[in-house]
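[1] Sharing a sequence plus its predicted fold:
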Amino acid sequence: MASYNYIPRGVEGYAFDETLIGRHMVFLAGPRQVGKTRLARQWLEKRQYSLLYFNWDDIATRRAYLSDNRFFESPARSLGIRDPWIVFDEIHKRNRWRDILKGAYDLFGEEFRFLITGSARLDLFRRSGDSLVGRYNLFHTMPLSLGEVAHERRASCFLEETDYERLCQIFEKEISRSLNPEIVESYESLLRYGPFPEPFLKQNDRFCRKWHQDYISLIVREDLRDISRVMELDKVENLLFLMPSRIMLPLSMPSLARELEVAHTTVKGWLEQLKRLYILFPVSPWTRKISRSLKKEKKWYFLDWYYAPDGAARLENMVATYLHRACFAMTDMGYGNYSLHYVRTLDKKEIDFLVVRDNCPILA
């Protein structure tokens with residue numbers, strides 16, 4: 001599989017669509033090291049105004065703000081172009097970052113466009129009351145997809161079809177077409193190395209193994225501590241080590257709690273935090289009675305299927321990840337509220353995945 005300096009991302013096709021976002025700021029959230037910064041810099045480079053990239057981890061950017069809270073205005077105006085994009089990367093790590101963005105947008109929202117990139121905290125803040133309501137659109141940058149690495153860009157997705165017969169016709173056409181060798185090669189590489197850009201592009205087993213080991217430790221030791229009050233970090237790591245053997249199965253919280261020697265409510269809380277950090281995601285059982293679905297056991301998958309065991313579990317995890325990201329993308333694009341579920345009958349017969357739009361099943 002050939003390496004590329006930059007792999008264009010699917011989110012670029014709609015996150016900057018003015019018919020969807022209007023004049024709002026664009027927020028790009030997603031997992032750490034998924035390529036958000038590279039996407040932002042590439043977006044500016046294509047328009048030949050790379051000087052409008054400001055990383056708030058850089059002390060020079062913070063000093064510039066302290067001396068002049070409109071420090072970005074002069075470089076933007078010097079370009080002499082209409083509606084230049086300004087990127088604020090990692091600004092969510094700064095105190096009062098929402099007020100900084102609110103002030104910038106209220107002053108310059110009609111003259112400049114703003115792209116804000118960040119990870120878990122950027123996605124998390126919208127759950128609470130904030131001063132940016134009505135000023136931004138949030139989109140998700142997910143790990144690499146098969147279409148992205150094979151450079152097969154689609155203008156639309158069959159899941160957006162509202163006519164069910166038409167949806168079925170397009171789906172049948174999609175699954176019956178022959179696959180070219182590049183797609184097959186890309187699939188095999190993704191299954192082997194996982195969907196994160198760095199290990200995928202490196203294509204080296206030792207590097208990939210080391211990268212994935214360090215990534216889990218980094219997320220737990222830094223990001224989890226940053227967004228939560230979890231203190232038992234060793235046990236959270238042990239939880240992640242226990243999860244691969246539970247892929248494909250409804251997760252028993254009491255059983256997991258006994259192994260970790262904590263309360264099952266504690267395990268539930270840890271899983272929710274790992275979901276916010278884009279390490280794991282749940283697939284709930286489908287039922288029209290929400291109260292019943294909350295009582296049933298969810299399945300949990302890794303966003304990066306590399307952590308799932310080889311074989312059937314990894315393949316199912318890969319499919320789950322793609323359907324999960326498709327639901328994210330379709331919701332982000334405004335086609336409806338999409339979610340992913342599974343179906344299990346009382347006699348243990350099961351449908352692995354069910355895509356639901358606005359509380360109505362559309363694809364099993």
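    Yes, it's here.
[2] Would you check that my belief about residue 154 contacting residue 147 is correct?
    Yes. Counting by C-beta atoms under 8 Å, residue 154 touches residue 147, with 6.4 Å between them. From N, CA and C alone the C-beta is placed, and that goes for glycine too.
[3] okay, these two: which has more neighbours?
    residue 147 (14 against 10; other C-beta atoms under 10 Å).
[4] element containing that one?
    Taking DSSP states H and E as the definition, residue 147 sits inside helix 146-149.
[5] What lies in contact with that helix?
    Residues outside helix 146-149 that contact it (C-beta atoms under 8 Å, 6 or more residues apart in numbering) are 1, 7-10, 152-154, 183, 186-187, 189-190, 200, 322.
[6] Going by distance to residue 253, which of the residues you listed wins?
    residue 322 (26.5 Å; C-beta to C-beta).
[7] what comes up buried for the helix or strand the closest one falls within?
    In this structure, residue 322 sits in helix 312-332 according to DSSP H and E. Buried residues in helix 312-332, counted by 16 or more other C-beta atoms under 10 Å: 313-314, 316-318, 320-332.
[8] Ok, stretch 159-167 next?
    Residues of stretch 159-167 classed as buried: 159, 161, 167 (neighbour count, 16+ other C-beta under 10 Å).
[9] how about the very next helix or strand once past the helix holding residue 147 as PDB, C-alpha atoms only?
    For helix 146-149, the following helix or strand on the C-terminal side (DSSP H and E) is helix 164-176. Taking Å, rounded to 0.1, in the frame of the first residue of the first chain, the C-alpha atoms of helix 164-176 are listed here in PDB:
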ATOM      1  CA  TYR A 164     -37.200   3.100   1.100                       C
ATOM      2  CA  GLU A 165     -37.400   1.400  -2.300                       C
ATOM      3  CA  ARG A 166     -34.900   3.800  -3.700                       C
ATOM      4  CA  LEU A 167     -32.600   3.200  -0.700                       C
ATOM      5  CA  CYS A 168     -32.800  -0.600  -1.300                       C
ATOM      6  CA  GLN A 169     -32.100  -0.200  -5.000                       C
ATOM      7  CA  ILE A 170     -29.000   1.900  -4.400                       C
ATOM      8  CA  PHE A 171     -27.800  -0.500  -1.700                       C
ATOM      9  CA  GLU A 172     -28.100  -3.500  -4.000                       C
ATOM     10  CA  LYS A 173     -26.200  -1.700  -6.700                       C
ATOM     11  CA  GLU A 174     -23.400  -0.700  -4.300                       C
ATOM     12  CA  ILE A 175     -22.900  -4.200  -2.900                       C
ATOM     13  CA  SER A 176     -23.000  -5.900  -6.300                       C
END
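[10] who touches the very next helix or strand once past helix 164-176?
    Heading C-terminal from helix 164-176, the first helix or strand you meet, by DSSP H and E, is helix 181-193. With contact meaning C-beta under 8 Å, 6+ apart, helix 181-193 is reached by 1, 144, 146, 149-150, 152, 199-200, 202-203, 208, 305-306, 314-315, 318.
[11] List the residues that contact residue 303.
    By C-beta under 8 Å, 6+ apart, the residues touching residue 303 are 31, 142, 143, 278, 279, 280, 281, 321, 324.
[12] With that, I have no additional questions.
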